[in-house]
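# below are the sequence and a predicted model; questions follow.
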Number of protein chains: 2
Amino acid sequence: MPKAYEVIADDLRGSIRSGEREPGDRLPSEADLALRYRRSVPTVQNALRLLSDEGLIDRRHGLGTFVRRPRTPAVRDNLRHQWEKDRARRPLAARAETGATEHDTGLRADDLVFHAEYREEEASGELADVFGVPEGTVLLRRVFRTRYSAERAPFSLVTSYLVRDMIAANPGLLDETKEPWPGGTQHQLHTVGIELDRVEERFTARPPTPEEAEALDLPPGTSVILLRKTSYDTGGRVVEVSFVTLPGDRTELRFTTRLERW
Amino acid sequence: MPKAYEVIADDLRGSIRSGEREPGDRLPSEADLALRYRRSVPTVQNALRLLSDEGLIDRRHGLGTFVRRPRTPAVRDNLRHQWEKDRARRPLAARAETGATEHDTGLRADDLVFHAEYREEEASGELADVFGVPEGTVLLRRVFRTRYSAERAPFSLVTSYLVRDMIAANPGLLDETKEPWPGGTQHQLHTVGIELDRVEERFTARPPTPEEAEALDLPPGTSVILLRKTSYDTGGRVVEVSFVTLPGDRTELRFTTRLERW
DNA sequence: GAGTGGTCTAGACCACTGT
DNA sequence: CAGTGGTCTAGACCACTCC
């Protein structure tokens, strides 16, 4: 027994995939669709909700239902880590010129709004484990948001942790008003004699929580990519851990693995 | 004005996040919830659908609604590429011992069911571009599925493309019955004198299409990770392109970037 | 058979958008 | 203002699971 709302959804999905309805096109109103398919309005709404959850349509209150346009993604490339490392030893002027977000998005620094918030915090079991320090060790927790000035939502939600004693030799590193720091975290670490050896990134994807959907301004039918970045110094010590939440519909992660020659 | 179904969803979500309801717990029936919140059954259902889409609960027809247990993820590590490369020059017995999926999941070869399907196909504009060959060049399209014998759904959907003329020197590479090939694609390429130099991987995430949800047996409230892998040989030529669809709720990708020393 | 979630109806009212 | 999607109701019937 084919379900009525699936029949409707399948039909509309087909008309979108086939190109019969193009991105930006308006679908008939719910009432019209109900008439056309000889079903009640709530049944039509069930079908539309399905398509909205799949990310195929946008339902805009008071306006209508539209075929969604794909958003062009920002690329986050793992070559950025080497780029940041190279930049960390360059003069101030060069470091101040462009940051990592400009690198990813191709936007200019003038177009970006930066926000940072520092707080000290005692290491929980999990974080203490990762850093290899006793539970309760004081960490510096740094929250970063960067957004395009013309948009409300940031590109990502970033929470970064450092061990306070590891960086306290330079008091400027404990001061959030010094952000955005020219040269970024790798330069900050450089000022206290830390050189990175490698960066490990782990990620998964899932639907956003309501809080994430709100913070990143995500429509229904999008996913978030959760990225956990761990940075190791040349002594094999974990020196930074950060948690990054990225909007799945506009983020592309790119990784290159070089192989040893035979 | 707080919406009724959101009030209910918020309340239930809170009781799950706080740990008051634990994974595996059964929620009250829809009718009970309707009574408790003094709302109609469809309104309660709206709230439950929201939580189901967030991946917090499982609604099982005829049984009830349960707090979802997180699935333990399979890890896909970029070190696998070097591991596969090293393995490609080892003797047959060593290559046959374990494959890439065993490497990722920790399962034994006996527990895995492998499926492969080959087909020849003319290169479309996009693929011709990537390979740097004229449109219409004959490609070998290979579809792979590997699943745990105790489960219905495969770990991933893989479609891999090779340029036919590049590998035709070894006719065995055109024969799907030779799969699973001990040593995998890197060994296959090795038999025709191709050595990989680097692998580039790009990822995005989005909700599954109905077809993907069906093929990977994905419950509502999960995402898929889309991976496009491009392999380059030591001459800088693109020798393989593959498209991989991974279930977001049980896949963790891990990527290590080594940095040059100062 | 009892209890559960899944679907559907017909109609009401509200909130938002553009003119 | 008219037209759109968003929410909600009260109740019906169906399909599934377990006993």
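Yes, it's here. Numbers count the residues shown, from 1 in each chain, chains lettered A, B, ... in the order given.

# may I ask which helix or strand of chain A has the lowest mean pLDDT?
Lowest by mean pLDDT, DSSP states H and E among the helices and strands of chain A is helix A:100-105, with a mean of 75.

# quick one, what contacts the closest residue to DNA strand D within the stretch 101-250 of chain A?
Nearest residue of the stretch 101-250 of chain A to DNA strand D (Cβ to the nearest atom of the strand) works out as residue A:220 at 8.9 Å. Bear in mind the C-beta positions are built from the backbone N, C-alpha and C, glycine included. Shown in contact with residue A:220 (Cβ atoms under 8 Å, 6 or more residues apart in numbering or on different chains): A:52-53, A:55.

# adding pLDDT, distance to chain B and neighbour count, write the residues you listed out as CSV.
Listed next are those as CSV, based on pLDDT from 0 to 100; distance: Cβ to the nearest Cβ, whole Å; neighbours: other Cβ atoms under 10 Å in any protein chain shown:
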residue, pLDDT, distance to chain B, neighbour count
A:52, 94, 10, 18
A:53, 93, 6, 18
A:55, 93, 6, 20
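
# now render those residues as TSV, adding secondary structure and distance to residue A:130.
Below are the contacts of residue A:220 laid out as TSV (DSSP: H, G, I helix; E, B strand; the rest coil; distance: Cβ to Cβ, whole Å):
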residue	secondary structure	distance to residue A:130
A:52	helix	38
A:53	helix	35
A:55	coil	34
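
# and the spatially most distant residue from the centre of chain A, how far from residue A:27?
The centre of chain A is farthest from one residue, residue A:38, which by Cα atoms, centre = their mean lies 42.6 Å away. Residue A:38 is 17 Å from residue A:27, where distance means Cβ to Cβ, to the nearest Å.

# again with residue A:184
45 Å.

# what's the following helix or strand after the helix or strand containing residue A:6?
Using DSSP states H and E, residue A:6 sits in helix A:4-17. Elements were assigned by DSSP H and E; along the chain past helix A:4-17, the next helix or strand is helix A:30-37.

# whether that following helix contacts DNA strand C - can you check?
No: contact of helix A:30-37 with DNA strand C (Cβ under 7 Å from any atom of the strand) is absent, the minimum separation being 7.7 Å.

# pull out the buried positions in that helix.
Within helix A:30-37, the residues scored as buried using 16 or more other Cβ atoms under 10 Å in any protein chain shown are A:30, A:33-34, A:37.

# cool, and stretch A:139-152?
In stretch A:139-152, counting by 16+ other Cβ under 10 Å, buried: A:139-142, A:144-148.

# mind putting those residues into JSON lines with distance to chain B, secondary structure and pLDDT?
Shown next, in JSON lines, are these (distance: Cβ to the nearest Cβ, whole Å; DSSP: H, G, I helix; E, B strand; the rest coil; pLDDT from 0 to 100):
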{"residue": "A:139", "distance to chain B": "23", "secondary structure": "strand", "pLDDT": "98"}
{"residue": "A:140", "distance to chain B": "23", "secondary structure": "strand", "pLDDT": "98"}
{"residue": "A:141", "distance to chain B": "21", "secondary structure": "strand", "pLDDT": "98"}
{"residue": "A:142", "distance to chain B": "21", "secondary structure": "strand", "pLDDT": "98"}
{"residue": "A:144", "distance to chain B": "20", "secondary structure": "strand", "pLDDT": "96"}
{"residue": "A:145", "distance to chain B": "21", "secondary structure": "strand", "pLDDT": "94"}
{"residue": "A:146", "distance to chain B": "20", "secondary structure": "strand", "pLDDT": "88"}
{"residue": "A:147", "distance to chain B": "20", "secondary structure": "strand", "pLDDT": "85"}
{"residue": "A:148", "distance to chain B": "19", "secondary structure": "strand", "pLDDT": "82"}
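
# what about the residue of the stretch 101-250 of chain A closest to DNA strand D, which SS state?
Taking DSSP: H, G, I helix; E, B strand; the rest coil as the rule, one finds residue A:220 in the coil state.

# what do you get for the one 5 residues further on?
Here residue A:225 takes the strand state, with states given by three-state DSSP.

# check contacts around it.
A:203-205, A:245-248, A:251, A:253, B:203-205.

# now it, nearest residue through space, not along the chain?
Distance criterion Cβ to Cβ, 6 or more residues apart in numbering or on different chains; nearest residue to residue A:225, sequence neighbours excluded, is residue A:246 at 4.4 Å.

# show me where chain A has helices.
For chain A, helices defined by DSSP state H occupy the ranges A:4-17, A:30-37, A:41-53, A:79-88, A:92-97, A:100-105, A:125-131, A:164-167, A:184-190, A:210-216.

# pick out the shakiest of the ones you listed, pLDDT-wise.
The minimum mean pLDDT among those belongs to helix A:100-105 (a mean of 75).

# I'd like to know how many residues surround residue A:117.
If you count neighbours by other Cβ atoms under 10 Å in any protein chain shown, residue A:117 ends up with 12.

# residue A:261 too?
Neighbours of residue A:261 using other Cβ under 10 Å come to 9.

# please apply the same query to residue A:176.
The burial count for residue A:176: 14, using other Cβ under 10 Å.
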